[in-house]
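Colleague: Predicted structure and sequence below. I'll ask about it afterward.
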Protein chains: 2
Amino acid sequence: MNERLILVTNDDGYQSRGLAAAIEVARGFGHVFVVAPETAQSGMSQAITMHNPLYLRRVRQDADVEVYAFSGTPVDCLKMAFDYLLRERRVDLVISGINHGSNSAVNVLYSGTMGAALEGSFYGCPSVGLSLDDHSAEADFDGAVLYGRQIVGRVLDAQPALPLCLNVNVPVGRPETIRGVKLCRQNRGFWREEFYRREDPRGREYFWLTGEFIDGEPEATDTDEWALRNHYVSVVPVQSDLTDYRQLKNLASVLG
Amino acid sequence: MNERLILVTNDDGYQSRGLAAAIEVARGFGHVFVVAPETAQSGMSQAITMHNPLYLRRVRQDADVEVYAFSGTPVDCLKMAFDYLLRERRVDLVISGINHGSNSAVNVLYSGTMGAALEGSFYGCPSVGLSLDDHSAEADFDGAVLYGRQIVGRVLDAQPALPLCLNVNVPVGRPETIRGVKLCRQNRGFWREEFYRREDPRGREYFWLTGEFIDGEPEATDTDEWALRNHYVSVVPVQSDLTDYRQLKNLASVLG
């Protein structure tokens, strides 16, 4: 029997509780190979490291779980795994997460978790980003592990057409409060920021970025935001062609 | 007369030659307001800075051009401009670039230039990312300035429907070798990386990320890669909904 190989990464770093939860999800499906950031990489989107050297070290090796810490971004971690460490080996599925905080709506674009998940889908296997709508240090990952296993199991069984990348967001709360899984589209919306201004001991001003999400379609019932608000696990399939096909037609008269 | 306000940023930093070229593009259209990264931010995608304070300083103030350097990512720069520095003022257009190196095909996802351009389009004005297919320090920006002006002028005149974000890539070479402008879709393709392994003086191994672009559809003639290879300026309108609508249907039987 060829045992399956599940590649795991995240953006909160190799020591995070969410990574341990992702390993729990992956464990039942095969050998677990982890390359995760050395340090927290939230908000790193699909960033890659172009001008700095990157350090790699193995931090754990058990019979069924290997863990590497890598000093780059989440996408760097996936590239290191696929193009250096695992080059000859077939990967059956990528899991990125479990993120501390949801990545619904436009957050998919800023998210290091989803940056890595999208990158995973470029390597010829299904890829699943898992996020929990709870930032607290004591977040309860039971629901995310339960639904993560269910979704990963179904994807591995059904083997849908590739490329396939899923943005899965799990609502806060105990598993029994979750009402099930909803396939959704990405909610339209954006962030408006508030910068907190401070002064350092030498009188230089500095800023903290904080913000508020503006839901661009609060009435829509087929979006990930709606699903999460209504205690469903949201699943949005995502892809990497950003072409705005509607504008492509509109602009023919302007730029054609 | 209300003078137009053009907001400029980039990912190569406020001191780069490409930023000076973008200011040349913007200058003919109104007052130029620049918030650009303090340091090089290539490959930063749509990353935001969540866990570090950010420093801002004004580095230039002329009658028609103001320049701020900000210690964050390109997207942080745009947020600082719109949500703090310019809060009460109407911005007519965002220009991000001119990038040293093309951002065609899947590079749009890794690009800090295009991360900022996409972010600009969330603020209710047209947004144009400009990149030159030349990484050399002596790159000739004349063609990029000429075609940048032409495209920005047409967008400001025609006022197409919003949101509007353009990924403009200009081929290397003198302006007279450029054959014109092509509206295109994003080429499918991906990178395969080669990691250069080294050892530091203490015997720790480290890696440099390098790679090769694999064109997923070398025969297609309607993509940005084709246009650039054939000495056209490529213009791809891009948008932020990553939903894979085809998979949304496919998956109904698997996860619905």
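Modeller: Arrived safely.
Colleague: Which pLDDT does the model give residue A:1?
Modeller: You'll see residue A:1 listed with a pLDDT of 50.
Colleague: Can you list the residue ranges for helices in the stretch 51-200 of chain A?
Modeller: Per DSSP state H, counting those that start in this stretch, the stretch 51-200 of chain A carries helices over the ranges A:74-80, A:107-110, A:112-120, A:142-158.
Colleague: so where is chain A shaky, pLDDT-wise?
Modeller: Judged by pLDDT under 70, chain A has its weakly predicted residues at A:1-2.
Colleague: can you give me the strands in it?
Modeller: Secondary structure of chain A (DSSP state E): strands located at A:5-9, A:31-37, A:54-61, A:65-70, A:93-100, A:127-132, A:165-170, A:181-183, A:189-199, A:205-215, A:233-237.
Colleague: can you put these in TSV and add distance to chain B and mean neighbour count?
Modeller: Every residue, glycine included, has its C-beta placed from N, CA and C. Supplementary listing: the strands of chain A in TSV, determined by distance: least, Cβ to the nearest Cβ, whole Å; neighbours: other Cβ atoms under 10 Å in any protein chain shown:
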stretch	distance to chain B	mean neighbour count
strand A:5-9	15	27
strand A:31-37	12	24
strand A:54-61	5	14
strand A:65-70	9	20
strand A:93-100	12	29
strand A:127-132	11	30
strand A:165-170	7	29
strand A:181-183	6	20
strand A:189-199	4	14
strand A:205-215	4	16
strand A:233-237	4	27
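Colleague: would you list those in JSON lines and tack on distance to residue B:98?
Modeller: Listed next are the strands of chain A as JSON lines, based on distance: least, Cβ to Cβ, whole Å:
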{"stretch": "strand A:5-9", "distance to residue B:98": "33"}
{"stretch": "strand A:31-37", "distance to residue B:98": "31"}
{"stretch": "strand A:54-61", "distance to residue B:98": "28"}
{"stretch": "strand A:65-70", "distance to residue B:98": "32"}
{"stretch": "strand A:93-100", "distance to residue B:98": "33"}
{"stretch": "strand A:127-132", "distance to residue B:98": "33"}
{"stretch": "strand A:165-170", "distance to residue B:98": "31"}
{"stretch": "strand A:181-183", "distance to residue B:98": "41"}
{"stretch": "strand A:189-199", "distance to residue B:98": "26"}
{"stretch": "strand A:205-215", "distance to residue B:98": "26"}
{"stretch": "strand A:233-237", "distance to residue B:98": "34"}
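Colleague: just to revisit the earlier point, which stretch among the helices of the stretch 51-200 of chain A comes nearest residue B:243?
Modeller: Distances from residue B:243 to each of these were compared by Cβ to Cβ, and the smallest falls on helix A:107-110, at 9.2 Å.
Colleague: Please see if the closest one touches chain B.
Modeller: Yes: if you take Cβ under 8 Å from any Cβ of the partner chain as the test, helix A:107-110 does meet chain B, through A:108-110.
Colleague: okay if I get those as CSV plus neighbour count?
Modeller: Supplementary listing: those in CSV, determined by neighbours: other Cβ atoms under 10 Å in any protein chain shown:
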residue, neighbour count
A:108, 28
A:109, 27
A:110, 23
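Colleague: for those residues, which one is nearest residue B:239?
Modeller: The nearest member of the residues of helix A:107-110 next to chain B to residue B:239, counting by Cβ to Cβ, is residue A:109 at 10.9 Å.
Colleague: Near the closest residue to the closest one other than its chain neighbours, how many other residues are there?
Modeller: Sequence neighbours aside, residue B:46 is the residue nearest to residue A:109 in space, at 4.8 Å (criterion: Cβ to Cβ, 6 or more residues apart in numbering or on different chains). Applying the criterion other Cβ atoms under 10 Å in any protein chain shown, we find 29 residues in the vicinity of residue B:46.
Colleague: Next, the buried residues of stretch A:152-168.
Modeller: Judged by neighbour count (16 or more other Cβ atoms under 10 Å in any protein chain shown), stretch A:152-168 contains these buried residues: A:152, A:155, A:160, A:163-168.
Colleague: One more: stretch A:14-31?
Modeller: By neighbour count with 16+ other Cβ under 10 Å, stretch A:14-31 contains the buried residues A:14, A:16, A:18-19, A:21-26, A:29-31.
Colleague: Over to stretch A:113-125?
Modeller: By neighbour count on 16+ other Cβ under 10 Å, the buried set for stretch A:113-125 is A:113-123, A:125.
Colleague: out of these, which touch chain B?
Modeller: Intersecting these with the contacts of chain B gives A:115, A:118, A:122 (criterion: Cβ under 8 Å from any Cβ).
Colleague: Out of those residues, which comes closest to chain B?
Modeller: Checking those against chain B by Cβ to the nearest Cβ gives residue A:122 as the nearest, at 4.3 Å.
Colleague: Need the nearest residue in space to the closest one, chain neighbours excluded.
Modeller: Among residues not flanking residue A:122 along the chain, residue B:190 sits closest, at 4.3 Å (Cβ to Cβ, 6+ apart).
Colleague: looking at it, the one you found is touching residue B:215, isn't it?
Modeller: No: if you go by Cβ atoms under 8 Å, residue B:190 and residue B:215 don't touch, sitting 9.4 Å apart.
Colleague: what is in contact with these two at once?
Modeller: When Cβ atoms under 8 Å, 6 or more residues apart in numbering or on different chains defines a contact, no residue borders residue B:190 and residue B:215 alike.
Colleague: quick one: contacts for residue A:83?
Modeller: With Cβ under 8 Å, 6+ apart, residue A:83 has these contacts: B:192-195, B:211.
Colleague: Show me the contact partners of stretch A:184-198.
Modeller: Contacting residues not belonging to stretch A:184-198 are listed as A:104-106, A:108, A:167, A:205-217, A:220, A:222-227, A:234-236, A:238, B:53, B:79-80, B:83-84, B:122, B:241-243, B:245, B:248 [Cβ under 8 Å, 6+ apart].
Colleague: run the last query once more with 7 Å
Modeller: By Cβ atoms under 7 Å, 6 or more residues apart in numbering or on different chains, the list of residues contacting stretch A:184-198 from outside reads A:104-106, A:108, A:205-217, A:220, A:222-225, A:227, A:234-236, B:79-80, B:83-84, B:122, B:241-243, B:248.
Colleague: Out of the strands of chain A, which gets nearest to residue B:8?
Modeller: Ranked by Cβ to Cβ, the member of these that lies closest to residue B:8 is strand A:189-199, at 19.0 Å.
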